[in-house]
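Enquirer: this one's sequence-less:
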């Protein structure tokens, strides 16, 4: 059974840094691209970025690429999201997802999601 | 960025009723569209990918259709467990983007 479990969320002050983790199980982690997606309290969904199965390539939403960094440790089947200089608008539930691609038509989607970890940015 | 516009924002349906949710992309996304269901307090679950392919384990009353910029999700016979919020997502171009969601309630 595929499982993704995020951790590391909590209350953080504006301007601080935070690192989220996502431990994967039930599949060969090193075979899959992975993404982070967040959902605001108002339920808006925003894709943050993704990382190639071997960690050699990352891509980010333009509005976040200067403050957020995605990495992975395939030996530990763990995905990370490093957040820096956080702002109140970063308050959200953060999900890690397993990515799937249709190579013929080259589109991507998210076939499994973790339960999420909540981040609240407030002084 | 590709903008995804969903409609309606909310709707209520009776048991057994057919429900249709629309999603429009700001440019052609060549069927690179997925639909997700999110129940209260839970993470989203994939229903449909590639505009019309049913994810394993999803009931056959769910179906997707469309092409170009216009897509729809249909529930052929509303059930109690179908209450929740439905999101569309384009996966053709970075950054991947989502619709604002449609809240579906049982009447």
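Expert: Arrived safely. Remember, it's a predicted structure, so these values are computed and weren't measured experimentally. Numbering: from 1, shown residues only, chains lettered A, B, ... in the order given.
Enquirer: use CA for all of it now, contacts and neighbours both
Expert: Fine.
Enquirer: how about the strands in chain B?
Expert: B:4-7, B:10-13, B:19-25, B:33-38, B:45-49, B:53-54, B:62-67, B:70-75, B:84-90, B:97-98, B:102-106 (DSSP state E).
Enquirer: show the pLDDT at residue 74.
Expert: Reading this off chain A. Residue A:74 carries a pLDDT score of 98 in this model.
Enquirer: oops, I was thinking of chain B
Expert: 98.
Enquirer: excluding chain neighbours, give the residue nearest to the most centrally placed residue in chain B in space.
Expert: Geometric centre of chain B, nearest residue: residue B:35, 3.8 Å, by C-alpha atoms, centre = their mean. The shortest distance from residue B:35 to any non-neighbouring residue, by C-alpha to C-alpha, 6 or more residues apart in numbering or on different chains, is to residue B:88 (4.5 Å).
Enquirer: can I get the strands of chain B in TSV with distance to residue A:116?
Expert: Output for the strands of chain B, formatted as TSV (distance: least, C-alpha to C-alpha, whole Å):
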stretch	distance to residue A:116
strand B:4-7	23
strand B:10-13	24
strand B:19-25	25
strand B:33-38	13
strand B:45-49	13
strand B:53-54	24
strand B:62-67	25
strand B:70-75	25
strand B:84-90	17
strand B:97-98	17
strand B:102-106	20
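Enquirer: so which of those strands gets nearest residue A:55?
Expert: Closest to residue A:55 of these is strand B:97-98 (C-alpha to C-alpha; 22.6 Å).
Enquirer: what does that closest one contact?
Expert: Applying C-alpha atoms under 8 Å, 6 or more residues apart in numbering or on different chains, the contact partners of strand B:97-98 are A:45-47, B:1-4, B:87-91.
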